[in-house]
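*Asks:* I would like the atomic coordinates for the input below:
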Amino acid sequence: MKKKLLSVILSVAMVASVLVGCGSTAATTTTDTAATTDTTATTDTTATTDTTAVTTDGTVQVGIVLPTKDEPRWLQDQAQFESILNDAGFTNQVLFSQGSSATEKTNVEALIAQGIKVLIICAQDGSAAAAAVEEAKAAGVTVIAYDRLITGTDAVDYYVTFDSFAVGVAQGQFLVDNAPAGKTGVPLYLYAGAATDNNAFIFFEGAWSVLQPKIADGTFVIENSSEAVKVQDSLTLTRDQEATIIGQITTDWDFNTAKSKAEANLTATNASQKGDVLVLAPNDGTARSIADVFGADKDVTSYKITGQDSEVASVQYVIDGKQSMTVFKDTRSLAADSVAMAVSVLNGEAVVTDTTYNNGNIDVPAKQTAIVVVTKDNVKSALIDSEYYTADQFTGLN
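*Replies:* Take a look at the predicted model:
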């Protein structure tokens, strides 16, 4: 089994395309863990019905809980988990919380009832998820926090993530490197993820570490956050200072919120605060929404905007010049790292980690996955040649 798993992980990490709903070699059944007949509406607040690979006695070895099925990123992750685990012969179920911490807790309880030994969970709210994982831990389940750290509890055994600080640094450095040459007072618009997501803080910290010197010396001027202006001379911010800023510039990882906030920001500013602008957008979905707003403003001469996740729609935006960059986080590698951890636990073997993250209660052993900055110049080499996507998914690709 160990050799088979290694082969599967290497194969998926190097070759598999991200195809939602990929085929499974394991026997599957469909289960409804919260007695709901509507699993497609975006407002659904109950556990969704998903494909499940089960043992002959009906138990599930590995339970996976993801935040929402309304963003392509998480459907990509689902496909990777099901492909790797099914091919390796491990029973599993993926459930979506649909933006609700209450649903997330219900999902975890349903998986516990099905006999899981390992829980892989990407928290909707890092703090609120503590109660759910404490139930899992009390039931003897090993908890692996996936991509987002769960805070304020000692019930997290491991954490698998991309280097979130490095993501923020890459975004900030891109804006620095692509700012109008020789100009000062360049308008800078800041946006962040959800205040309930610890990663949003780490992304912002990374970006701030690069942007702040340029803000302090007058090269960049913050146009949409009075709270950030108050601390613009400070390279290192406290958690409370970050929370205050993020509270003002948050998109809640929501496309519509991002669009509305960008519209309000541009309405509140005059032509002198526009022109050639820089925009720190936290991820691809919000980047597209914000880019559409800035692109439609007659006083915005040009804009450079960041993103992350390399979603298909945003890769097309990059090719078309509507989005300037995206940070590629290969979900094949992240899912493979999570599965490797889960299998080590199931086999009673030592789990491989390379760093720790403090969640407010404990230092959580963690495994980090590398990132890649993708621009129009390297879309093909980074995403097509690596077989993450296929060329026929895009137009205008050189």
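
*Asks:* looking at it, residue 221 is touching residue 185, isn't it?
*Replies:* Yes - the pair residue 221 / residue 185 is scored as a contact, 5.2 Å apart, by C-beta atoms under 8 Å. C-beta here means a position set from N, CA and C on the backbone, and glycine is covered the same way.

*Asks:* If you count surrounding residues, which of these two has more?
*Replies:* residue 221 (16 against 12; other C-beta atoms under 10 Å).

*Asks:* how much space between that one and residue 273?
*Replies:* 8 Å (C-beta to C-beta, to the nearest Å).

*Asks:* Find residues that contact each of those two.
*Replies:* Counting by C-beta atoms under 8 Å, 6 or more residues apart in numbering, the residues touching both residue 221 and residue 273 are residue 187.

*Asks:* Assumed residue 357 was part of a strand.
*Replies:* Yes - Residue 357: assigned to a strand according to DSSP: H, G, I helix; E, B strand; the rest coil.

*Asks:* That one: neighbour count?
*Replies:* By other C-beta under 10 Å, the residues close to residue 357 number 19.

*Asks:* Would you map the helices across the stretch 101-250 of the chain?
*Replies:* Listed in chain order, the helices of the stretch 101-250 of the chain (DSSP state H, counting those that start in this stretch) span 101-113, 129-138, 164-177, 198-216, 226-230, 239-249.

*Asks:* Rebuild these as JSON lines, extending it with distance to residue 69 and mean neighbour count.
*Replies:* What follows is those, written out as JSON lines (distance: least, C-beta to C-beta, whole Å; neighbours: other C-beta atoms under 10 Å):
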{"stretch": "helix 101-113", "distance to residue 69": "12", "mean neighbour count": "21"}
{"stretch": "helix 129-138", "distance to residue 69": "18", "mean neighbour count": "20"}
{"stretch": "helix 164-177", "distance to residue 69": "23", "mean neighbour count": "21"}
{"stretch": "helix 198-216", "distance to residue 69": "19", "mean neighbour count": "22"}
{"stretch": "helix 226-230", "distance to residue 69": "33", "mean neighbour count": "16"}
{"stretch": "helix 239-249", "distance to residue 69": "25", "mean neighbour count": "17"}
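
*Asks:* Quick one: closest of these to residue 83.
*Replies:* helix 101-113 (19.4 Å; C-beta to C-beta).

*Asks:* domains for this structure, by residue range?
*Replies:* According to automatic domain parsing, the chain comprises the domains 2-162+330-369, 179-323.

*Asks:* right, and the ones you listed - which one's nearest residue 382?
*Replies:* domain 179-323 (8.0 Å).

*Asks:* and that closest one, how far apart are its ends?
*Replies:* Distance across domain 179-323, first residue to last, is 15 Å (C-alpha to C-alpha, to the nearest Å).

*Asks:* And stretch 291-299, what's buried?
*Replies:* 291-294, 297 (16 or more other C-beta atoms under 10 Å).

*Asks:* Between which two of the residues you listed is the distance greatest?
*Replies:* 291 and 297 (11.0 Å).

*Asks:* so who does residue 161 touch?
*Replies:* 145-149, 199, 334, 357, 366-369.

*Asks:* The same query, at a cut-off of 7 Å, please.
*Replies:* 147, 366, 368 (C-beta atoms under 7 Å, 6 or more residues apart in numbering).

*Asks:* where does the protein have low pLDDT?
*Replies:* 1-58 (pLDDT under 70).

*Asks:* can I assume residue 231 is in contact with residue 240?
*Replies:* No - look at residue 231 against residue 240 with C-beta atoms under 7 Å: they stay out of range, at 10.6 Å.

*Asks:* For residue 269, grab the count of nearby residues.
*Replies:* The burial count for residue 269: 17, using other C-beta under 10 Å.

*Asks:* so what's it closest to, chain neighbours aside?
*Replies:* residue 223 (5.7 Å; C-beta to C-beta, 6 or more residues apart in numbering).

*Asks:* hang on, that neighbour packs against residue 189?
*Replies:* Yes - contact criterion C-beta under 7 Å: residue 223 and residue 189 qualify, at 5.6 Å.

*Asks:* Cool, thanks, signing off.
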